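Peer 1: Sharing a sequence plus its predicted fold:
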Amino acid sequence: MKNKLMKGLVATAVLAALAGCNDDETVTTSAVTTVDTVTTTATTTETTTTTTEVSTCALAGDACTTFTVLHTNDNHGRFWQSDDGEYGMAARKTLIDQIRAEVESEGGEVLLLSGGDINTGVPESDMQDAVPDFIGMNLIGYDAMAVGNHEFDNSLDVVEMQRKLADFPMLAANIYDKATGERYFDPYKIFDVNGLRVAVIGLTTEDTVKIGNAEYISGLDFTDPKVEIKKVIAEIKAAKTADLIFATTHMGHYADETSGSNAPGDVALARAVTKGDLQAVIGGHSQDPVCMEPGTNNYADFNRGDDCTPDQQNGTYIMQAHEWGKYVGRADFEYFNGELHLASYDLVPVNLMVLNKYGSPDKDADGNTTLIPGTTAIEENTGVLEALRSYKEKGQELLDVVIGSTDGELIGVKATVRSEQTNLGHLLARAQSKYELVNADFGIMNSGGVRASITEGNITYRDVLTVQPFGNMVAYATMTGTDLIAYLNQVATKTGGAGSYAQLDGIKLSVDCDAQEVTINEIGGEAFDAAKEYKFSLSTYLAAGGDGYPAIESTSIEIADALVLRDFIEKQESILVADFNPVDGDIDYISGGLSLKACPAAAE
């Protein structure tokens, strides 16, 4: 997809155009005044009065103000570069400094915003309460951030620590303290950007209530952002304190407002306000590169290095820069005739590599990767590197801190876990199904997501990450018994030896491999009822159709599987293998009249 928004509107024959504006023979004296950057020529005689609205920034001259908004979102602990040298805050600092210097040399000014979710995703950050991430943001020079739902993965005292650590405001107009009735965060901040007063309103997804930790957020109210933004806009307009109103949000972009089971996002927000009241939304949460087919509500087929056209709804630009600092979104604006114009937009990659068919950086025979075409390597800022290095090293040490123990081996070796039910497979499924934000009747774990065993003795967080290295999010789904049978007809019959082979905990069933049908006997210790609704846990990867599973509607709690497993082990302290060993007959595979441990490949 190639559809570059060209910067500026080239002016030609400027002097000739201006010379031809007044054919009246009466000699007049003109005074040029600017009100909201609309240029009006008012004569001092009674002969003529003309009003001229120029069509380009170049024609407007000094009456045109230029500025640039840079943005990232969903950092999720990626303060350090990846193992393949992608992204990282040190390279981001270099890139943003380069853009700032370029913009300022051309008479513009930069505003740097984040769409939130600084917390949760990388162990070195998680175990240090995202302190290195906030330090990195300070060094880069962020101006404001939206509060994300993952900011509440920690207790409110950690949130307060982060708020004090940040050299920029954390904004959320729709989060209230139940005890005081006051907003918990500042609702907005007004910035002087190259002489323009730009109000930036913060908003957070309502879904925080259902995907956040109830222990930490029980004292907070999350109100409807669509209602809240109207209140804030009215307040700003009444006070006449801003020329432009932006929002930095953590609500998600869902094309044409199709948010499904998610709370309404940025598109719904833009459509809810009066046209002209909200100039732009800088978003996060859905972790998409918001790049649209021009003139449509459809996502473009965006690939690394492609040009990007942001969404526009009800006169409001909507932008999002994917995730993890892989890109810095760059929006160059021009303000003249009392209107805001998007002169150019780009998602600037931060040391991104060419991907292979599996979505990982492609490596040659020597293990080397290649930057995406059209980009050059961005050097890491040495100051940021040195400031964050100690946190990287400390994080590595914390990975080896003991979080629990086991009295025997938890089996995750590939040849076994993909061919029969194992205690580790059941441990993973149970940890997810019994997680407090899930509380499901049973759990499903694909064996391909189990990458190692855990040996007898102490368990460290490094062990957990070795078992579950992919960072899949945990989700849950609800189905009637009848629909569940149809679903498990496809899931439970996955053949032995395949990564799709399902580890099933909390359910008893018989699997007719030849007929590709299941008979469910018990769920959660109670007799199965086809008319009853059942809730089960699985990863977002499986819910989306990964490993050949049927794609289903689910609710993600947006907590990585490894974090859920770590939490489970820490609470149990000692894992007794007998509690997770599969019971013969609970999951019974039948093929050719024989009782097996998995459906044979020939049955497919």
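Peer 2: In hand now; what should we look at? Residues are numbered from 1 along each chain as shown.

Peer 1: drop to CA atoms for contacts and neighbour counts, all remaining ones
Peer 2: Fine.

Peer 1: Now do the contacts for the closest residue to Phe568 other than its chain neighbours.
Peer 2: Once flanking residues are discounted, Phe568 sits nearest to Ala431: 5.7 Å by Cα to Cα, 6 or more residues apart in numbering. Taking Cα atoms under 8 Å, 6 or more residues apart in numbering, we find Ala431 in contact with 564-565, 568.

Peer 1: Could you point out which residue ranges in the stretch 401-550 of the chain have low pLDDT?
Peer 2: Within the stretch 401-550 of the chain, no range satisfies pLDDT under 70.

Peer 1: same question, the stretch 1-150 of the chain
Peer 2: Scanning the stretch 1-150 of the chain for pLDDT under 70 picks out the ranges 1-52.

Peer 1: Just the buried positions in stretch 352-365, please.
Peer 2: 352-355, 361-362 (16 or more other Cα atoms under 10 Å).

Peer 1: Which pair of these spans the longest distance?
Peer 2: Pairwise distances across the buried residues of stretch 352-365 (Cα to Cα) peak at 11.0 Å, for the pair Leu352 and Asp362.

Peer 1: who's in contact with Lys414?
Peer 2: For Lys414, the contact set (Cα under 8 Å, 6+ apart) comprises 448, 450-452.

Peer 1: mind giving me TSV with those and columns for distance to Gln98 and neighbour count?
Peer 2: What follows is these, written out as TSV (distance: Cα to Cα, whole Å; neighbours: other Cα atoms under 10 Å):
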residue	distance to Gln98	neighbour count
Gly448	43	19
Val450	43	24
Arg451	42	17
Ala452	44	20
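
Peer 1: Pick the one among these closest to Leu542.
Peer 2: Checking the contacts of Lys414 against Leu542 by Cα to Cα gives Gly448 as the nearest, at 11.0 Å.

Peer 1: was I right about that closest one contacting Gly499?
Peer 2: Yes. Look at Gly448 against Gly499 with Cα atoms under 8 Å: they come within range, at 3.7 Å.

Peer 1: Residues that sit against both of these two, list them.
Peer 2: With Cα under 8 Å, 6+ apart as the test, Gly448 and Gly499 both reach Arg418.

Peer 1: What count of nearby residues applies to the nearest residue to Thr65 once chain neighbours are set aside?
Peer 2: In space, and not counting its chain neighbours, Thr65 is closest to Tyr335: 5.1 Å by Cα to Cα, 6+ apart. Neighbourhood size, Tyr335 [other Cα atoms under 10 Å]: 23.

Peer 1: following the helix or strand where Tyr335 lies, which helix or strand shows up next?
Peer 2: Using DSSP states H and E, Tyr335 sits within strand 327-336. Once the chain leaves strand 327-336, the next helix or strand it forms, by DSSP H and E, is strand 339-349.

Peer 1: Flag every buried residue along whichever helix or strand comes after that next one.
Peer 2: As assigned by DSSP H and E, the chain's next helix or strand after strand 339-349 is helix 382-398. Neighbour-count burial for helix 382-398 flags 384-385, 388, 391-392, 395, 398 (criterion: 16+ other Cα under 10 Å).

Peer 1: For the helix or strand following helix 382-398, buried residues please.
Peer 2: Next helix or strand after helix 382-398 toward the C-terminus (DSSP H and E): strand 402-406. Of all the residues in strand 402-406, those buried under the rule 16+ other Cα under 10 Å are 403-406.

Peer 1: export strand 402-406 as PDB, just CAs?
Peer 2: In PDB, the C-alpha atoms belonging to strand 402-406 read as follows (Å, rounded to 0.1, in the frame of the first residue of the first chain):
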ATOM      1  CA  VAL A 402      13.100 -18.400  43.300                       C
ATOM      2  CA  ILE A 403       9.300 -18.000  43.000                       C
ATOM      3  CA  GLY A 404       8.400 -21.600  44.200                       C
ATOM      4  CA  SER A 405       9.300 -25.200  44.000                       C
ATOM      5  CA  THR A 406       8.100 -28.600  42.800                       C
END
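
Peer 1: Counting by contacts, list what it packs against.
Peer 2: On a contact count with 3 or more Cα pairs under 8 Å, 6 or more residues apart in numbering; DSSP states H and E, strand 402-406 meets strand 457-460, helix 561-572, strand 574-575.

Peer 1: And those: which comes nearest Met479?
Peer 2: The nearest among those, by Cα to Cα, is helix 561-572 at 22.1 Å.
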